[in-house]
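# The sequence isn't on hand, but the structure is:
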């Protein structure tokens, strides 16, 4: 079967770069020629196009890909995950051979032959698009697709996101320039790895590892031929070819990928036939990945931890920076929560006053370890939610800064401090104090606003 060597940037001499630049400029000249009927105008466009092309940015800022942040309990078990994109980056060695072959076969069959720009595909697309007056045909190489996806991932504003995905000639030329730079910096295997970790596979799955887990409940390293061909086919239309929503269309596309792999010598016709007979709808093992605190067994503690980070300027200059850091940073947050004690505390508050009790009374409990300040327990007789009896997003264990209410009367909490003061002064535990008189205390203020009660 067909295989490819692991090319490195050094394998491609500077002459290749020169040819690629000429190719890019040539594409610009051809397009300019289609728009300018005068020969002199074409020459001017060629000269200006060459200067403009080489003046474009030639460094792709490949910032770390967004990864989920994981909250862990004291024993290392998972409390929750939060993310903007469901993605887990893995090395190329952890991606099964069939997916590497399938994606190259269907998306860029000349991937190992070109230097980032496929002249045939680009000229064909430019001709078609110029005749139509807009971008109608692709022709993008895997490297160009990687550049586009990276620019989208890096975008922080609506304007940047629009610019990264706009169907314009200027955006396409920018991609060509950056694709050349990427090919000079990384090996083919490195680019393929980055591409497969970046690209969207639909249904909220970003990158091949998340896609393998989402659709088949396995790791990317375990993908078989049929599964790999399915996922490779999805890239063309992540929404319209979503295997979960449109299994018939996705299966038809999968078989196109399989035939393409046969045509290119990656697999045998017999292997393709066997894989094409597998029912996609029956082979799916859809796996949900929960995002946020809502379904966590310690939802209010989870929200407290996230609120703590979002309110602390140490984790970012602005609220938006801290939110991005939390949901894109791939953090592992180890907490002091004790799952066994949490379960016991939750059972206790639910028994005292059931969550849907008609009285609507609330009860909450927190347990803090003396000496360390570590929070071991945070429970209340409510279900995390925005509507319905027994549900609330208000955390009765904390103040308003971290998602709590305005507070409640101290009540019997005062007794603990009185007892501690008495013991500190040497009074025995059997001491009895008679206090028949009453007293009104004033001067209390709201801890958050400073306003008097």
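Right, received. Where do you want to start? Small disclaimer: the values here were computed from a predicted structure and weren't measured.
# For the helix or strand containing residue 377, report the contacting residues that lie outside it.
Counting by DSSP states H and E, the secondary-structure element that holds residue 377 is strand 375-380. Under the criterion Cβ atoms under 8 Å, 6 or more residues apart in numbering, residues 74, 298, 300-301, 304, 335-338, 341-342, 345-346, 348-349, 362-369, 395-397 lie in contact with strand 375-380. Backbone N, C-alpha and C define where each C-beta goes, glycine included.
# Can you turn the buried subset of those residues into a selection I can paste into ChimeraX?
Once 16 or more other Cβ atoms under 10 Å is used to decide burial, the buried members of those can be selected in ChimeraX as follows:
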select :74,298,300,301,304,335,337,338,342,345,346,349,362,363,364,365,366,367,395,396,397
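# Mind giving me the packing neighbours of whichever strand or helix holds residue 211?
For residue 211, the enclosing helix or strand under DSSP H and E is helix 208-216. Packed against helix 208-216, as judged by 3 or more Cβ pairs under 8 Å, 6 or more residues apart in numbering; DSSP states H and E, are the following elements: helix 188-198, helix 225-234.
# What about the residue nearest to residue 224 when sequence neighbours are not counted, how many residues nearby?
The shortest distance from residue 224 to any residue other than its chain neighbours is 6.6 Å, reached at residue 98 (Cβ to Cβ, 6 or more residues apart in numbering). As a burial measure, residue 98 scores 22 neighbours (other Cβ atoms under 10 Å).
# is it true that residue 98 touches residue 231?
No. Under the criterion of Cβ atoms under 8 Å, residue 98 makes no contact with residue 231, lying 9.6 Å away.
# who touches both of these two?
Each of residue 223 lies in contact with both residue 98 and residue 231 under the rule Cβ under 8 Å, 6+ apart.
# what angle do the helix holding residue 211 and helix 225-234 make?
With axes from the mean of the first three to the mean of the last three Cα atoms, to 10 degrees as the basis, helix 208-216 and helix 225-234 are set at 110 degrees to each other.
# Hey, what's the angle from helix 208-216 to helix 188-198? Just curious.
50 degrees.
# before we move on, the earlier item: in its sheet, which strands sit next to the strand holding residue 377, and in what direction?
Pairing partners of strand 375-380, with direction, according to DSSP bridges: strand 364-368 (antiparallel).
# Residue 100 in helix, strand or coil?
helix (DSSP: H, G, I helix; E, B strand; the rest coil).
# Next, count neighbours for the residue lying closest to it once chain neighbours are set aside.
Computed as Cβ to Cβ, 6+ apart, the closest residue to residue 100 that is not its neighbour in sequence is residue 192, at 6.4 Å. Under the neighbour criterion other Cβ under 10 Å, residue 192 is assigned a count of 24.
# my read: residue 192 touches residue 93, true?
No. No contact is recorded between residue 192 and residue 93 when judged using Cβ under 8 Å, the distance being 11.7 Å.
# Can you list the buried residues in the helix or strand where residue 178 lies?
When secondary structure is defined using DSSP H and E, the element that contains residue 178 is helix 169-185. Buried positions in helix 169-185, judged by neighbour count with 16+ other Cβ under 10 Å: 169, 171-184.
# how many degrees apart are that helix and helix 188-198 in direction?
Here the directions of helix 169-185 and helix 188-198 differ by 130 degrees (the same axes, to 10 degrees).
# How are the strands of the stretch 201-350 of the chain distributed by residue range?
For the stretch 201-350 of the chain, strands defined by DSSP state E, counting those that start in this stretch occupy the ranges 332-334.
# what about the helices in the stretch 1-150 of the chain?
Counting by DSSP state H, counting those that start in this stretch, the segments of the stretch 1-150 of the chain that form helices are 14-35, 39-55, 97-107, 119-132, 142-154.
# Now do the third one: everything it contacts.
To tie it back to what came earlier, the one meant is helix 97-107. Helix 97-107 has contacts (Cβ under 8 Å, 6+ apart) with 2, 4, 92, 111-112, 142, 145, 192, 195-196, 208, 220, 223-225, 227-229, 231-233, 235-236, 256-257, 260-261, 264, 266-267.
# Narrow those to just the buried residues.
Among the contacts of helix 97-107, those classed as buried by 16+ other Cβ under 10 Å are 92, 111-112, 142, 145, 192, 195-196, 208, 220, 223-225, 227-229, 231-233, 235, 257, 260-261, 266-267.
# Test my guess that residue 177 contacts residue 60.
No. With contacts defined as Cβ under 8 Å, residue 177 does not count as touching residue 60, sitting 9.6 Å away.
# picking up where we left off before, mind checking what helix or strand follows the strand holding residue 377 in sequence?
Downstream of strand 375-380, the first helix or strand assigned by DSSP H and E is strand 383-384.
# give the contact list for the residue nearest to residue 100.
Residue 192 makes contact with 92, 100, 103-104, 111, 142, according to Cβ under 8 Å, 6+ apart.
# again, only this time at 10 Å
Contacts were defined as Cβ atoms under 10 Å, 6 or more residues apart in numbering; by that measure residue 192 touches 4, 6, 92, 95, 100, 103-104, 108, 111-112, 142-143, 146, 186.
# Lowest-confidence entry in those residues?
Least confident by pLDDT among the contacts of residue 192: that is residue 6, with 57.
# ok, now which ones touch residue 294?
Applying Cβ under 10 Å, 6+ apart, one finds that residue 294 lies in contact with 80, 302-303, 383-386, 393.
# how does it look with 6 Å?
residue 384 (Cβ atoms under 6 Å, 6 or more residues apart in numbering).
# swap in residue 329?
If you count contacts by Cβ under 6 Å, 6+ apart, then residue 329 has nothing around it.
# Test of understanding: give the bridge partners of it.
With DSSP bridges as the rule, residue 329 is bridged to residue 67.
# what about it, distance to residue 316?
Here the criterion is Cβ to Cβ, to the nearest Å. By it, residue 329 lies 10 Å from residue 316.
# Next, the contact list for residue 446, please.
Listed by Cβ under 6 Å, 6+ apart, residue 446 has no contact partners.
# same question but for residue 316, I mixed them up
By Cβ under 6 Å, 6+ apart, the residues touching residue 316 are 322, 325.
# going forward, begin numbering at 171 instead of 1
Okay, using 171 as the starting number, the last item reads as residue 486.
# okay, which residue is most central for this structure?
Residue closest to the mean C-alpha point of the chain, counted by Cα atoms, centre = their mean, is residue 255 at 1.9 Å.
# Please name the residues that touch that one.
Contacts of residue 255 were listed using Cβ under 6 Å, 6+ apart, and they are 236, 376.
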